[in-house]
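Q: Predicted structure and sequence below. I'll ask about it afterward.
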Amino acid sequence: GFLQKWTGWHAYEPPRLDRSQYVGDWIGGGAYRLRLGENGEAEGENLPLVDENAGPWDSCGGTGTWTFVPQPEAGRPARSGPRDRIMLTIAGCGGLRDWQAAGTVDRPQLFVVTGDPGALSVTTLHRP
């Protein structure tokens with residue numbers, strides 16, 4: 001904290017984007033694909049399967065919906081954390097729901113954390 005205050009170096013802050021900036025195609029990991037539509041429709045391909053019986057290479061895909069949950073304004077309590085979130089629902093993908101914003105405004109990313117607390121895995125998507 002001392003160095004941040006006196007040197008002007010600031011901690012990372014996730015990007016604050018409008019809902020419309022999440023609409024479109026997202027890719028990652030070579031084969032992960034996610035398309036977020038303007039009207040709340042979602043389409044995924046080769047996304048990591050979140051299921052207690054799934055292996056590390058199991059994947060899922062299909063159509064569903066997404067909802068934008070913006071990060072709270074400065075000074076307001078955070079109900080779901082300090083980042084924008086995309087709540088994704090695709091049947092057959094298990095608990096793959098809570099995607100969080102990362103990166104920068106110019107190069108936004110979405111990530112989701114899956115797995116057991118002792119063996120977490122992070123999947124990251126970016127714009128093509």
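A: Okay, I see it. Numbers count the residues shown, from 1 in each chain.

Q: pretty sure Gly92 contacts Cys60?
A: Yes. Gly92 lies in contact with Cys60 (Cβ atoms under 8 Å); the separation is 5.0 Å. Bear in mind the C-beta positions are built from the backbone N, C-alpha and C, glycine included.

Q: Now do the shared contacts for the two.
A: Leu49 (Cβ atoms under 8 Å, 6 or more residues apart in numbering).

Q: Comparing these two, which shows the higher neighbour count?
A: Cys60 (19 against 13; other Cβ atoms under 10 Å).

Q: What is whichever helix or strand that one is part of packed up against?
A: Cys60 belongs to strand 59-69 when assigned by DSSP states H and E. Counting contacts by 3 or more Cβ pairs under 8 Å, 6 or more residues apart in numbering; DSSP states H and E, strand 59-69 is packed against strand 41-48, strand 85-90.

Q: okay, those strands in JSON lines with distance to Leu34 next?
A: Shown next, in JSON lines, are those (distance: least, Cβ to Cβ, whole Å):
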{"stretch": "strand 41-48", "distance to Leu34": "5"}
{"stretch": "strand 85-90", "distance to Leu34": "8"}
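
Q: Reformat those strands as TSV; add distance to Thr104, mean neighbour count and mean pLDDT.
A: TSV is the format used below for the helices and strands packed on strand 59-69 (distance: least, Cβ to Cβ, whole Å; neighbours: other Cβ atoms under 10 Å; pLDDT from 0 to 100):
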stretch	distance to Thr104	mean neighbour count	mean pLDDT
strand 41-48	23	19	92
strand 85-90	17	18	93
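
Q: ok, back up a step: tell me which residues in the strand holding Cys60 are buried?
A: Within strand 59-69, the residues scored as buried using 16 or more other Cβ atoms under 10 Å are Cys60, Gly61, Gly64, Trp66, Phe68, Val69.
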